[in-house]
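In: quick one: sequence and predicted model below, then my questions.
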Amino acid sequence: MQRPNWTTSGVPRTGASSARLYWESLDDVARWLDGPLEPRDLVEVPTGCTVCPQELQRPSRRWAERRFRDIRYWSEPDRGGRFPALEQPALFVAEIRAFFRLVRERFTIGAPPRSSGWLRIGPCRW
């Protein structure tokens, strides 16, 4: 069993502010789980989901599609947990690359935006 990495909140003494984020979002999370969803809860942009076996909440794809309306990548690897970037860094990187590979293959620079949430990318004007 891997030991948790408390460095991110224990050493710099940010545990209270980390806990505050969870406390302030409890109502939102309860609504996402129990419904009904509000328009502000819906995510319309292309989304990638990786649900690790040791994750605290393991939604099904059908349940996730209620909120995330354009899931392009779905994966349920055989390892990983609550903090996959710390626990399984190679897997984490592979999952991110796989999602963005799909997005990049379907994306044309300068194409007009679509209703699915694609953004138009053009030359930067600073």
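Out: Looks like it arrived, so ask away. Numbers count the residues shown, from 1 in each chain.

In: what residues are bridge-paired with the most centrally placed residue in the chain?
Out: Nearest to the geometric centre of the chain sits Cys49, at 6.0 Å (Cα atoms, centre = their mean). Taking DSSP bridges as the rule, Cys49 bridges to Trp74.

In: I'd guessed it sits against Ile71; true?
Out: Yes. Counting by Cβ atoms under 8 Å, Cys49 touches Ile71, with 6.0 Å between them. Where C-beta positions appear, they are placed from N, C-alpha and C, glycine not excepted.

In: and the residue nearest to the centre of the chain, how far from Gly15?
Out: 28 Å (Cβ to Cβ, to the nearest Å).

In: swap in Gln54?
Out: Distance of Gln54 to Gly15, computed by Cβ to Cβ: 22 Å.

In: do Ile96 as well
Out: The value you get for Ile96 to Gly15, if Cβ to Cβ is used, is 27 Å.

In: now the longest helix along the chain: buried residues?
Out: As assigned by DSSP state H, the longest helix anywhere in the chain is helix 89-105. For helix 89-105, the neighbour count (16 or more other Cβ atoms under 10 Å) marks 91-92, 95, 99 as buried.
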